[in-house]
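Chemist: Got a sequence here, can you build the structure:
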Amino acid sequence: MRIVVISDSHRQTRVIDKILSSELDAKHVFFLGDNAADIEDFEFIYPNFNFHTVCGNCDFASLLPTMGLETVNGKRILYTHGHTLSVKSGTGHLIELAKKNNCDIILYGHTHIPQILYEDGIYIVNPGSCSRSREGGNSYAVIDITEQGIMPIIKRI
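Modeler: Numbers count the residues shown, from 1 in each chain. Here you go, the predicted model:
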């Protein structure tokens, strides 16, 4: 099963449409905040995706949660923007929270820098920013979860 991970669109909805239209075989879309309203219309445009959305530090007055837990294809996923967990200082708080919740995968944004790590049996994935990268160009992540395992990759836009 394929999931798409998008973060930090900052009102660039055209790039979200470009990502989603190129990943039609995915089943789940995780949007990690910073202009969470950007993803709302796509829930109607792409009804075959299951959307999971959290707010970020730029989502003023949002009623969305700052983090969520989801199980996809038997794997437990913690997803958050990351600003409330000091991700710019490292992933320690994320890993601690993921361990407490028996997670296999952590998804976070906020730094605008794509990264894939594997630590203590947990995949840690930051898709970077789909519109305002701070390193290497705009990006998003795709994660395939199969019987053989978990395969995260960063895709450049």
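
Chemist: gap between the nearest residue to residue 65 once chain neighbours are set aside and residue 38?
Modeler: Closest residue to residue 65 apart from its sequence neighbours, by CB to CB, 6 or more residues apart in numbering: residue 54 at 5.7 Å. All C-beta spots, glycine's among them, are computed from the backbone N, C-alpha and C. Look at residue 54 and residue 38: by CB to CB, to the nearest Å, they are 13 Å apart.

Chemist: so what's in contact with those two at the same time?
Modeler: residue 31 (CB atoms under 8 Å, 6 or more residues apart in numbering).

Chemist: Check the gap between the nearest residue to residue 25 once chain neighbours are set aside and residue 98 for me.
Modeler: Using CB to CB, 6+ apart and skipping residues adjacent in sequence, the residue nearest residue 25 is residue 2, 5.7 Å away. To residue 98, residue 2 is 21 Å away according to CB to CB.

Chemist: Same question for residue 92.
Modeler: Distance from residue 92 to residue 98, by CB to CB: 11 Å.

Chemist: neighbour count winner among the two?
Modeler: residue 98 (24 against 12; other CB atoms under 10 Å).

Chemist: wait, that one sits on residue 122?
Modeler: Yes. Using CB atoms under 8 Å, residue 98 is in contact with residue 122, at 5.3 Å.
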